[in-house]
Every structure is written in C-alpha cells, then in structure tokens.
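Engineer: Predicted model and sequence below, questions to follow.
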Amino acid sequence: QKEVEQDPGPLSVPEGAIVSLNCTYSNSAFQYFMWYRQYSRKGPELLMYTYSSGNKEDGRFTAQVDKSSKYISLFIRDSQPSDSATYLCAMTSGNQFYFGTGTSLTVIP
Amino acid sequence: DTGVSQNPRHKITKRGQNVTFRCDPISEHNRLYWYRQTLGQGPEFLTYFQNEAQLEKSRLLSDRFSAERPKGSFSTLEIQRTEQGDSAMYLCASSSEFSEAFFGQGTRLTVV
C-alpha cells in the first residue's frame, strides 16, 4: 500500500466551478500537510500548508485535514483557466515528504 | 533570496557518462531534499540533509548516485554511469525543521 493515494484524474471543469481535490494516507504519524501546484515541466509551487486537523483558507483556496479519517482535501472556488495544472498533495511526520501522484486539472473557459 | 536554485535546467548525456547537478537552497533553511519525478508521477524521495549531515537515503538511491552538502550550504547530486532509466526531472527542495518545503525548478535529465 502506498503511503499517499491520490486520484490522478484527469479532471475537467468549466470556468467558475468549485473544484475538490482529495488524498488519503495510511501513516497516522503524518502531522504536516501541503498542497502544491505544478505546471508542465516546472517545479512544484507551494499553495497551502496546514498542521494537524482543521481548515485553512487562502483566497480562493481552502485546505481541509481530517486526521481521524486520514483524508485531506483542497477546494478551489471560482476556478480560472490559469488554475489548469497538476495538483500534488504532500505530507510529513517531520522527515522526508511523501507525495501523491498528482491530479491533472483543466479549467475550460 | 530568490528561492531554491537548480543548475543546469536541462542536461542531455550519453549513456555511461557521469552527470552532476547543483542545488542552492533558501539561505536560512537547514534542510535540503532531493527528489526524482517521472512523467505522470509524484516526486519520489531520494535523500535529505540536515545541515551537512545526510540523514536519510532512499532504497532508490543506488550506488551510482551520490549526494553531498559540504558546509551545509549548496548540494550536489552525482549520477555515475548513467542509464536510460535515469531520465527524469531531479527536484531539489529546502525547508526549516518542521516547516513546508520549497522546490526549485528542477533539472531535466535525458540519457540517450
């Protein structure tokens, strides 16, 4: 079983839609959770960083962590064509970071 | 500080040659990570340093791979006797202890 599972998609939505991206994990020691956005042939760009369970909002982005279910989510409101990218979840217990495979998102104008 | 810097951005090499990549982390970060990413996959952990000490290495890191971080600043990743299966994006990231990691733009290696 992989440490982190993420549906690779692809996911295609119309502009203005609410997007929900999710990851599940198996290691209960994970305490720190991140979402990255990655454009083609570029390095991952940090979007959100949360510690333990709860919600965090930053502009159009909301990250949720449910440690009891070992489930994290990223919501994108009012999605824009510029949001088209691959979204990677990542998590750590304090040493190396474990990544999902990434979800490919296309926002259609 | 402009973030994590990686050089070169692209490298094409013949099979059997040695290659070396460099990473300059964010200056106040004491942790530095190397990851490898292939198309359609998430980054795979290779190794990480805390200051100059290499604390963890993945089983993926065969004896052809070696990484150094002299003086706890920049790091180099060397691949000896490259194989076609080494073709990938090599990503470097840095962080403070117990904080998020910031990535460079990566070095894309093509072995022909």
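Structural biologist: Yes, it's here.
Engineer: Point out where chain B drops to low pLDDT.
Structural biologist: Scanning chain B with the threshold set as pLDDT under 70 gives B:1.
Engineer: Next, name the residue at the spatial heart of it.
Structural biologist: residue B:34 (3.5 Å; CA atoms, centre = their mean).
Engineer: residues contacting the nearest residue to it once chain neighbours are set aside?
Structural biologist: Nearest in space to residue B:34, with sequence neighbours left out and distances taken as CB to CB, 6 or more residues apart in numbering or on different chains, is residue B:46 at 4.2 Å. Every residue, glycine included, has its C-beta placed from N, CA and C. By CB atoms under 8 Å, 6 or more residues apart in numbering or on different chains, the contact set of residue B:46 is B:33-36, B:57-58, B:60-61, B:65, B:67, B:77.
Engineer: what pairs with the one residue in chain A that gets nearest to chain B across the strands?
Structural biologist: Proximity of chain A to chain B (CB to the nearest CB) peaks at residue A:99, 3.6 Å away. Per DSSP bridges, the residues bridged to residue A:99 are residue A:90.
Engineer: could you measure it against residue A:81, distance?
Structural biologist: Residue A:99 sits 25 Å away from residue A:81 when distances are taken as CB to CB, to the nearest Å.
Engineer: Show me what the helix or strand hosting residue A:105 is packed up against.
Structural biologist: Using DSSP states H and E, residue A:105 falls within strand A:103-108. Helices and strands touching strand A:103-108, by 3 or more CB pairs under 8 Å, 6 or more residues apart in numbering or on different chains; DSSP states H and E, are strand A:11-14, strand A:19-25, strand A:85-92.
Engineer: most tightly surrounded among those strands?
Structural biologist: Of all the helices and strands packed on strand A:103-108, strand A:85-92 has the most neighbours on average by mean count of other CB atoms under 10 Å in any protein chain shown, namely a mean of 24.
Engineer: chain center to that one: distance?
Structural biologist: How far strand A:85-92 lies from its chain's middle: 5 Å, per CA atoms, centre = their mean, to the nearest Å.
Engineer: Tell me the residues of chain A that contact chain B?
Structural biologist: A:4, A:6, A:8, A:32, A:34, A:36, A:41-46, A:49, A:88, A:90, A:94-102 (CB under 8 Å from any CB of the partner chain).
Engineer: Filter those down to the buried ones, ChimeraX style.
Structural biologist: Selecting only the buried entries of the residues of chain A next to chain B in ChimeraX, with 16 or more other CB atoms under 10 Å in any protein chain shown as the criterion:
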select /A:4,6,32,34,36,43,44,45,49,88,90,96,97,98,99,100,101,102
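Engineer: among the residues of chain A next to chain B, which are in strands?
Structural biologist: Counting by DSSP state E, the part of the residues of chain A next to chain B found in strands is A:4, A:6, A:32, A:34, A:36, A:45-46, A:49, A:88, A:90, A:98-99.
Engineer: Let me see the mean pLDDT of stretch A:54-70.
Structural biologist: Average pLDDT, stretch A:54-70: 95.
Engineer: where along chain B do the strands fall?
Structural biologist: B:5-7, B:10-13, B:19-24, B:31-37, B:44-50, B:53-57, B:65-68, B:75-79, B:88-95, B:102-103, B:107-111.
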